[in-house]
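Student: next input, structure requested:
(2 chains)
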There are 2 protein chains.
Amino acid sequence: DEGVPGDAKQEANAFQNLEIVKVLREDSKLKLITVLGRFTGVAGKEAVVLLERLPFHKEKVADVLSSEDGRTEETLKNDIYSTHNVFSSRTLADCKATVIYPATSKHIDKYTEHVPFIVRETPELFRKVTKPCLESSKFSLQWVLNILEKKTESDRIVFEDPDPETGFILLPDMKWNRSDLESLYLVAIVHKHGIHSIRDLRREHLPLLKNILVKGKAAIKEKFNIPGSKLRIYFHYQPSYGHLHVHFTHVKFDAPGSDCLRAHLLEDVMENLEMDDQFYSKKTLIYVVRENEDLYKAYKAAGYFDE
Amino acid sequence: DEGVPGDAKQEANAFQNLEIVKVLREDSKLKLITVLGRFTGVAGKEAVVLLERLPFHKEKVADVLSSEDGRTEETLKNDIYSTHNVFSSRTLADCKATVIYPATSKHIDKYTEHVPFIVRETPELFRKVTKPCLESSKFSLQWVLNILEKKTESDRIVFEDPDPETGFILLPDMKWNRSDLESLYLVAIVHKHGIHSIRDLRREHLPLLKNILVKGKAAIKEKFNIPGSKLRIYFHYQPSYGHLHVHFTHVKFDAPGSDCLRAHLLEDVMENLEMDDQFYSKKTLIYVVRENEDLYKAYKAAGYFDE
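Tutor: Below you'll find the model as predicted:
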């Protein structure tokens, strides 16, 4: 079993005996790659390996650049511009590897890139395809109820307005480490039940939305000293769960799901409802579905992707 | 002058004599850092150095992992999960450095991160602050005219509809390398003059918008075999130049400017205009300005950021 990560001796190459079966995902912008592999001589078991380049640290960049041990190679020179390949010093790690071993098919699926498709959901498609699909999926919302009833995570609450019609609980999103303010990510979950997404919003919900906007901003200003001019405040459509919630992220943070194909600014939603009570019952909503999702399968079965 | 990039011998460390003056920008997600430096013994001149981790390549990932020369260090072990620091082999470059030397203050400004602020531009603020500021800036649109009149870049045109009212030229954005289809980035520039941004759009422009949507998608399907279900099609507000244009990017590409604080889907814009001719003359438009921009200075001078 030499070379299997669990047994690796420090300083040796833990992956020396890893055979790569296939690449599961590759992201050149984020500089990461995920592969499926097998250790030579170990039958049947598979490993998922995530390789990610490490970020530079302010404190250490001088070491990277000026190390006597490092080497560079000029690849282009034009006037005042030049580019170089940099070979790191042996004393600084440049990658992080995360290994899951043995990996099940669920692990492999989770770390595999799934092909995205854009859906243009008209009100008719919502009724005929989206709604029946979401209803049959019946994801449990028990964890949301636990938060609202303070059975779990009550120590994490940043702010609460307990009003059953216009109230909400504001707490950190799981993705936020709660220390780096420039990647601040909070979520406001409404106390009111039965609003699944922005599709359901009408003028009657304006007091709720306004309350979240005003009190959410005030709480973040008070607790974290971040003003409203630094906050991106939005819904997801489709949301990842069907109980209305609003995302608050720092404008400097390139938050996942802040793309125009998923994020709807709270203030835009309020303005649209002020103009027309039926805005979101009439609107075509455009978003991405992925081939491993039930919603993709429902649209495919309905013939939506036939061209 | 030993150690200045222009004179660097291959295999030596070109940055060994670089003193770091300060960090201009740091992005841990994209794994890059930009620093301002001075070469020891070279008076007065400054260098901007962009250090960026190199992406992994499918073909070479086996070399990274299984190199005899590489080393790993286990940093965590919990059940089936483990993490490792990976020290690359000396034979594979892991960073790219781009050097600008000597760098002027304009170079330094370009590569410095500028603090973002969110503006909520009501129609009144548009009239009082934005419009006068944009008019006084008077950025030259000569390069756009050159494209429309085919004085430059005519060999790059992907598709043209020459109609002066509803026509446009579709061509690759400068950011696209024109080979990787999953990072496809095209821009449709309208032939019609005088439409600065979505703020100016009215129902009368619907035939123009519909033409761009239909013929743009058809051209991309024909030339690149990418269907409409893979295309993010949107305006920027604020746009980077005041002559109406539409962005077409591949849904897999996390394109800069596709955030909900800047991108407005073409089909949403069309639907809003169908509902209300004055939609964009009445709407509050929300976007980011940066402290080095004229628009930020204009809003600051108007007292907008006083809290």
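
Student: how about the helix or strand of chain A with the lowest mean pLDDT and chain B, any contact?
Tutor: Taking mean pLDDT, DSSP states H and E as the measure, the helix or strand of chain A with the lowest value is helix A:61-66, at a mean of 74. Yes. With C-beta under 8 Å from any C-beta of the partner chain as the criterion, chain B is reached by helix A:61-66 at A:61, A:62, A:64, A:65, A:66. In this view, the C-beta of every residue, glycine as well, is placed from N, C-alpha and C.

Student: swap in stretch A:208-220?
Tutor: No. Under the criterion of C-beta under 8 Å from any C-beta, chain B is not reached by stretch A:208-220; the shortest gap measures 11.0 Å.

Student: what residues does that stretch touch?
Tutor: Outside stretch A:208-220, the residues that touch it by C-beta atoms under 8 Å, 6 or more residues apart in numbering or on different chains are A:158-159, A:161, A:163, A:165-168, A:170, A:184, A:186, A:188, A:190, A:192, A:201, A:226, A:228, A:231, A:233, A:246, A:248, A:266-267, A:269-270, A:273.

Student: where does the stretch 201-307 of chain A dip in pLDDT?
Tutor: In the predicted model of the stretch 201-307 of chain A, residues A:307 satisfy pLDDT under 70.

Student: show me which residues of it are close to chain B?
Tutor: Selection of the stretch 201-307 of chain A residues close to chain B by C-beta under 8 Å from any C-beta yields A:227-232, A:234, A:251-252, A:254, A:258-265, A:267-268, A:271, A:275-276, A:283-284, A:286, A:288, A:305, A:307.

Student: can you give me the end-to-end distance of stretch A:93-104?
Tutor: Stretch A:93-104 has an end-to-end distance of 29 Å (C-alpha to C-alpha, to the nearest Å).

Student: swap that for stretch A:156-165, please
Tutor: End-to-end span of stretch A:156-165 (C-alpha to C-alpha): 22 Å.

Student: which parts of it are buried?
Tutor: By neighbour count on 16 or more other C-beta atoms under 10 Å in any protein chain shown, the buried set for stretch A:156-165 is A:158, A:159, A:160, A:161.

Student: just send the residues you listed back as a markdown table, with distance to residue B:32, secondary structure and pLDDT too.
Tutor: Listed next are the buried residues of stretch A:156-165 as a markdown table, based on distance: C-beta to C-beta, whole Å; DSSP: H, G, I helix; E, B strand; the rest coil; pLDDT from 0 to 100:
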| residue | distance to residue B:32 | secondary structure | pLDDT |
| --- | --- | --- | --- |
| A:158 | 32 | coil | 96 |
| A:159 | 36 | strand | 97 |
| A:160 | 40 | strand | 97 |
| A:161 | 41 | strand | 98 |
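
Student: so of the contacts of stretch A:208-220, which ones are in helices?
Tutor: Among the contacts of stretch A:208-220, the members falling in helices (DSSP state H) are A:266, A:267, A:269, A:270, A:273.

Student: and the second one, how far from residue A:181?
Tutor: Using C-beta to C-beta, to the nearest Å, one obtains 22 Å as the distance from residue A:267 to residue A:181.

Student: distance from the centroid: which residue in chain A tops it?
Tutor: Going by C-alpha atoms, centre = their mean, the residue of chain A most distant from its centre is residue A:79, 41.7 Å out.

Student: where along the stretch 1-150 of chain A do the helices fall?
Tutor: A:61-66, A:105-110, A:123-125, A:131-137, A:142-148 (DSSP state H, counting those that start in this stretch).

Student: least confident of the ones you listed, on average?
Tutor: Ranked by mean pLDDT, these bottom out at helix A:61-66, with a mean of 74.

Student: direction included, what does the strand or helix carrying residue A:235 pair against?
Tutor: Element membership for residue A:235, per DSSP states H and E: strand A:231-236. Strand A:231-236 pairs in its sheet with strand A:245-250 (antiparallel), strand A:263-265 (antiparallel), by DSSP bridges.

Student: so what's the residue count around residue A:236?
Tutor: 18 (other C-beta atoms under 10 Å in any protein chain shown).

Student: mind listing the strands for chain A?
Tutor: Using DSSP state E, the strands assigned to chain A run over residues A:18-27, A:32-39, A:47-53, A:71-78, A:81-87, A:95-100, A:116-121, A:159-161, A:168-172, A:185-190, A:231-236, A:245-250, A:263-265, A:285-290.

Student: which strands and helices lie in contact with the second one?
Tutor: By that I understand strand A:32-39. Packed against strand A:32-39 by the contact rule (3 or more C-beta pairs under 8 Å, 6 or more residues apart in numbering or on different chains; DSSP states H and E) you find strand A:18-27, strand A:47-53, helix B:61-66.

Student: so the longest helix along chain A versus strand A:231-236, what angle?
Tutor: If you go by DSSP H, chain A has its longest helix at helix A:206-224. Counting by axes from the mean of the first three to the mean of the last three C-alpha atoms, to 10 degrees, helix A:206-224 lies at 140 degrees to strand A:231-236.
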